[in-house]
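Participant: below are the sequence and a predicted model for it; my questions follow.
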Amino acid sequence: MDIIYTDKRDFTTGELQALFRSVDWRSANYPERLKKALDHCETVYTAWHGDRLIGLINAIDDGELTAYVHYLCVDPEYQGMGIGRELLRLIKEKYRDYLYIILVAENEPLIKYYRQNGFKWMEGEYVMALLNP
């Protein structure tokens, strides 16, 4: 199976919505806002199978020390094929000279997944969020 990885932002609102719905993420309910947000991120890599958007990772950075991975999603039909690992590799390569690449793992399987990809839990660090309606 040929998967193409790119940093071009030629995805449509509909393609983003379909990908984010496939993983049941709230962001899919706001497709125009999601597209606008990703268009303004410092880094976005996507994975394509033919003309189908099947994976995406993005990062927001301060230009020097810290990059924050916000989204990493892979369509469930394509999970387990190394697509997420390759998207993470692209981020780790781009930000290899930064002090931190930070992300949030929301459950035990994700913690395990990110550990397998070189991330470590930072003792004493807690993620805080304010969720607006």
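Facilitator: Nice, I can see it.

Participant: and the closest residue to W48 other than its chain neighbours, backbone torsions?
Facilitator: Leaving aside its chain neighbours, W48 sits nearest to I4 (4.6 Å; criterion: CB to CB, 6 or more residues apart in numbering). Where you see a C-beta, it was placed from the backbone N, CA and C, and this is true even at glycine. With angles defined as degrees, to the nearest 10, I4 sits at phi -110, psi 130.

Participant: for I4, list the residues it contacts.
Facilitator: When contacts are counted by CB atoms under 8 Å, 6 or more residues apart in numbering, I4 is found next to A47, W48, H49.

Participant: give me the buried entries from these.
Facilitator: Buried by 16 or more other CB atoms under 10 Å: A47, W48, H49, out of the contacts of I4.

Participant: which residues does the second one bridge with?
Facilitator: What it means is W48. Counting by DSSP bridges, W48 is bridged to I4, L53.

Participant: re earlier: which one of the buried ones among the contacts of I4 is nearest to V104?
Facilitator: A47 (20.8 Å; CB to CB).

Participant: test my guess that that closest one contacts I54.
Facilitator: Yes. Counting by CB atoms under 8 Å, A47 touches I54, with 5.3 Å between them.
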